[in-house]
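1. Any chance you could fold what I've pasted below:
(one chain, ligands or ions: 1)
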Amino acid sequence: MEKILVLDFGGQYNQLIARRVREMCVYAEIIPFNKITVAEIISMGYKGIIFTGGPNSVYDEASPHFDKGILNVGIPVLGICYGCQLIAYMGGGEICSAGSISEYGKTQLTAKESRLFKGVPVNSVCWMSHTDYVKSAPAGFKITAITPNCPCASIADEKRNIYGVQFHPEVTHTEYGGIILSNFVRDICGCSGDWTMADFVNTSVEKFKKELESKKVLCALSGGVDSSVAAVLLHKAIGSNLICVFVDHGLLRKDEGDSVERVMKNEMGLNLIRVNAQDRFLRKLTGITEPEKKRKIIGTEFIRVFEDVAKEIGKVDVLVQGTIYPDVIESGKGDAAVIKSHHNVGGLPDVIEFESIVEPLRSLFKDEVRAVGRQLGIPEFLVNRQPFPGPGLAIRIIGEVTKEKLEILRESDAIFREEISAAGLDKETNQYFTVLTNCRTVGVMGDAGTYGYTVALRAVTTDDFMTADWSRIPFEVLGKASNRITNEVRSIGRVVYDITAKPPATVEWE
Ligand code: XMP
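-> Below you'll find the predicted structure:
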């Protein structure tokens, strides 16, 4: 398989670079600069290397550097931002601080003829974000682009196939960024594009067939995208030797438990055990109003339920985790099994006896996981599912969770989701749901006064959920949702729309 190495120097767009390469059907992996040697790079057969950006200055002693021998091993290199400065520095070029004229944002790029700029017009817009810049190109390099404040916006040694760009071709604001990256990956590195999700599925199935032959494998299925795709993929490899446990804690959205069971058991043919633990969770949540307590109780109870089921199943050999590539990268290690406490209900591995963990999706980005899901025939509504927190609706009911409140929240949430979908906004809105506030207000219905709950609509747009903006849902859509909710859901007397970004708020209300 053709591979591009994204050598990580700590830049903020590193994942984006890998994704852009993968969009060209070429596998790219991100490895920190201090976790790999030149010899390993050669032996791993990379077709090209991209040095990422980074926040440092090359002259700082503590700044990340790399063995300059890498420029002479015959593997094409593209340095981006800090990566470009590092290439220049390694070759003896001069780097300066741009001081007060540091460039940030859209900048006019004037490009000269270069293999990297094939198909890029002389004048175009690029995205800059730097304080240092290359003042003079190192020996053997020519300057292939400039900007008003950057005398070496791009440098190239075409004999050795070493290139550097000060700007960021991976962000969409760089008009011809896609073409520039494709010139590097396809033309300069000679990648043909052999990374497809169909191949991924076939290779994984073959691999797990061999690796897990006659093993008993256990998977905690939440109904979320990652665990569903991981389970179906493994089921394809080892059939009923995979046992999936789906704990329905009663905090799921309308009809969710039934639809997960129907799809996974009946349509996908999984060996699925559904545990109906709704009452058990509700009992534990009685009288609890504090969000963190709710989370803890749900996490602990989840483990208890799982333990009970595991006892019946007996010893298992392997446990499946739905870890995906961003989790692996964020661990900073690139090789450890990572379980994000925030996203994993409980710490299952501690309570179940098993020999090893398998993480079938650990090399994939979320959109690739979805593509694999489609490839496996998982229905679109499951594959395209928005994120849903482990503690479920319990953290969307402010105050105590009761059966009645869960019903009210479920109905309002289902209506809001229907209206967002009907308006065609479900793809661009990353997460949208309703929250049952603990607030009752006065209203009027017919001739009678009412004192109903206030429900809040929440919809956000975000790349990574670390920050988020509130979605500009058109008033007509909000109006229709509000109308339907107050008409169709008994006990709701008022609807408000949350227009707070994260920060200062969080996406969830609790
Ligand atoms: P916040 O509210 O922290 O949410 O801005 C960011 C993302 O994380 C989800 N979230 C959770 N997921 N367990 C989870 O598995 C949790 O306790 C939890 N809290 C928030 C939230 O839905 C959003 O996608």
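
2. all strands for the stretch 201-350 of the chain, in order.
-> 217-220, 242-248, 271-276, 318-320 (DSSP state E, counting those that start in this stretch).

3. For residue 328, which of those is the nearest?
-> strand 318-320 (15.5 Å; Cβ to Cβ). C-beta: built from backbone N, CA, C; applies to glycine.

4. By mean pLDDT, which helix or strand of the chain comes out lowest?
-> helix 325-330 (a mean of 78; mean pLDDT, DSSP states H and E).

5. Name the nearest residue to the residue nearest to the spatial centre of the chain, ignoring sequence neighbours.
-> Closest to where the C-alpha atoms of the chain average out (Cα atoms, centre = their mean) is residue 366, at 4.8 Å. Among residues not flanking residue 366 along the chain, residue 324 sits closest, at 6.3 Å (Cβ to Cβ, 6 or more residues apart in numbering).

6. give me the number of residues near the one you found?
-> 23 (other Cβ atoms under 10 Å).

7. so what's the residue nearest to the centre of the chain up against?
-> Contacts for residue 366 were tallied using Cβ atoms under 8 Å, 6 or more residues apart in numbering; they are 225, 324, 326.

8. Got phi/psi on it?
-> phi -60, psi -40 (degrees, to the nearest 10).

9. What's the separation between it and the ligand?
-> 12 Å (Cβ to the nearest ligand atom, to the nearest Å).

10. Ok, residue 109 next?
-> 36 Å.

11. Give me the mean pLDDT for the helix or strand where that residue lies.
-> Using DSSP states H and E, residue 109 maps to strand 103-111. Strand 103-111 shows a mean pLDDT of 91.

12. next one: stretch 13-21
-> Stretch 13-21 comes out at a mean pLDDT of 92.

13. Over to stretch 203-211?
-> Here the average pLDDT along stretch 203-211 is 96.

14. What separation is there between residue 416 and the ligand?
-> 15 Å.

15. I meant to write residue 8 there.
-> For residue 8, the distance to the ligand - Cβ to the nearest ligand atom - is 24 Å.

16. same question, residue 490
-> 27 Å.

17. likewise residue 277?
-> 17 Å.

18. what's the burial count for that residue?
-> With other Cβ under 10 Å as criterion, residue 277 counts 20.

19. Residue numbering should commence at 59 henceforth.
-> Renumbered: residue one is now 59, and that last one reads residue 335.

20. which residue sits closest to it, ignoring its sequence neighbours?
-> Per Cβ to Cβ, 6+ apart, closest to residue 335 is residue 363, 4.9 Å.

21. what about the one you found, distance to residue 337?
-> 12 Å (Cβ to Cβ, to the nearest Å).

22. Double-check residue 499 against residue 544; I have them as touching.
-> No: using Cβ atoms under 8 Å as the test, residue 499 is too far from residue 544 to be in contact (11.6 Å).

23. Who has more neighbours out of those two?
-> residue 544 (20 against 13).

24. how about the helix or strand hosting that one: buried residues?
-> Under the criterion of DSSP H and E, residue 544 resides in helix 533-546. Neighbour-count burial for helix 533-546, counted by 16 or more other Cβ atoms under 10 Å, picks out 535, 536, 538, 539, 540, 542, 543, 544.

25. Which parts of the stretch 59-208 of the chain are strands?
-> Counting by DSSP E, counting those that start in this stretch, the strands of the stretch 59-208 of the chain are 61-66, 85-90, 106-109, 135-138, 152-155, 161-169, 181-188, 190-194, 200-205, 208-215.

26. Could you export the ones you listed as TSV, including mean neighbour count?
-> Formatted as TSV, the strands of the stretch 59-208 of the chain follow (neighbours: other Cβ atoms under 10 Å):
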stretch	mean neighbour count
strand 61-66	25
strand 85-90	20
strand 106-109	27
strand 135-138	28
strand 152-155	15
strand 161-169	17
strand 181-188	20
strand 190-194	21
strand 200-205	19
strand 208-215	24
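
27. Can you show me the strands along the stretch 459-568 of the chain?
-> 489-503, 506-519, 527-528, 550-555.

28. okay if I get these as JSON lines plus mean pLDDT and distance to residue 240?
-> As requested, these are arranged in JSON lines below (pLDDT from 0 to 100; distance: least, Cβ to Cβ, whole Å):
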{"stretch": "strand 489-503", "mean pLDDT": "96", "distance to residue 240": "32"}
{"stretch": "strand 506-519", "mean pLDDT": "96", "distance to residue 240": "28"}
{"stretch": "strand 527-528", "mean pLDDT": "96", "distance to residue 240": "30"}
{"stretch": "strand 550-555", "mean pLDDT": "98", "distance to residue 240": "42"}
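
29. Ok, which of those comes nearest the ligand?
-> Of all the strands of the stretch 459-568 of the chain, it is strand 489-503 that lies closest to the ligand, at 5.3 Å by Cβ to the nearest ligand atom.

30. anything in the closest one sitting right up against the ligand?
-> Yes: Strand 489-503 is in contact with the ligand by Cβ under 6 Å from any ligand atom, via residue 489.

31. Now do the top helix by length along the chain: everything it contacts.
-> Counting by DSSP state H, the longest helix found in the chain is helix 349-371. Helix 349-371 is contacted by residues 274, 276, 278, 301, 303, 305, 307, 309, 331, 333, 335, 338-339, 342-343, 346, 374, 403-406, 408-410, 448-450, 452-453, 459, 568 when judged by Cβ under 8 Å, 6+ apart.

32. returning to what we had before: let's have the buried residues of helix 533-546 in a markdown table, adding distance to the ligand.
-> A markdown table is the format used below for the buried residues of helix 533-546 (distance: Cβ to the nearest ligand atom, whole Å):
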| residue | distance to the ligand |
| --- | --- |
| 535 | 21 |
| 536 | 21 |
| 538 | 24 |
| 539 | 19 |
| 540 | 23 |
| 542 | 24 |
| 543 | 21 |
| 544 | 25 |
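
33. and residue 229, helix, strand or coil?
-> coil (DSSP: H, G, I helix; E, B strand; the rest coil).

34. That one against residue 73, yeah?
-> No: the pair residue 229 / residue 73 is not scored as a contact, 12.0 Å apart, by Cβ under 8 Å.

35. Looking at these two, which is more packed in?
-> residue 73 (22 against 15).

36. what's the distance between the more buried one and residue 242?
-> 18 Å.

37. what's around residue 450, how many residues?
-> 23.
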